[in-house]
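Asks: Curious how this folds, go ahead:
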Amino acid sequence: MSLLTEKQIDEICNTFLINRDTNIVAIKAAVEKWNEEQIPSTQFEPDWDKTSSNATRVYLDAVWFNSEMKEIDRTTICCWDRPITPHPHAEIMMKYAEVAARRVDPWVEFERFSHCDMEWDGLPYHPDWTQGQTYRHIGEAK
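Replies: Numbers count the residues shown, from 1 in each chain. Sure thing, here's the model as predicted:
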């Protein structure tokens, strides 16, 4: 959103002075008028799916050229860091760590869904946390 210009601030103040109150209708009218006068701004959001998985940061620069198309100046307008994507099994891995803190064989309290058999199987050892797999905590009772 753009900052108000001095003229816009004056117009809003004058609207309030004319009405001599904080009438919500006056406030709404002043703000709507201000919105109508704004030049639409272009929003930019990087599409991280359209770049290499190695890319960690993107810069938006303004570049000035002379008549021979030689760069004269460059200013960074903004930069974005790639959002951190959590591991798909992060929550269950934390539960696994909790169980591992109290027993030497934590895998016995977990199961992995077998897409071949369409059923849950016990784990014979530490899970490999494969991204395509589904895991669940069953607890000690089972």
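Asks: C-alpha from now on. contacts and neighbour counts both.
Replies: Will do.
Asks: and the residue nearest the centre of the chain, helix, strand or coil?
Replies: In the chain, the centroid-proximal residue (C-alpha atoms, centre = their mean) is Pro83; its distance is 6.3 Å. At Pro83 the chain is in coil, as set by DSSP: H, G, I helix; E, B strand; the rest coil.
Asks: just the helices in the chain please.
Replies: Counting by DSSP state H, the segments of the chain that form helices are 6-19, 24-37, 90-100.
Asks: Looking at the shortest one now, give me its mean pLDDT.
Replies: So that's helix 90-100. Helix 90-100 carries an average pLDDT of 96.
Asks: Quick one: list the elements packing against that helix.
Replies: Applying 3 or more C-alpha pairs under 8 Å, 6 or more residues apart in numbering; DSSP states H and E, one finds that helix 90-100 makes contact with strand 135-137.
Asks: Domain parsing of the chain, as residue ranges.
Replies: Domain assignment of the chain by automatic domain parsing yields the ranges 6-37, 48-81, 90-137.
Asks: what would the ones you listed look like in TSV with mean neighbour count?
Replies: Formatted as TSV, the domains of the chain follow (neighbours: other C-alpha atoms under 10 Å):
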stretch	mean neighbour count
domain 6-37	13
domain 48-81	10
domain 90-137	14
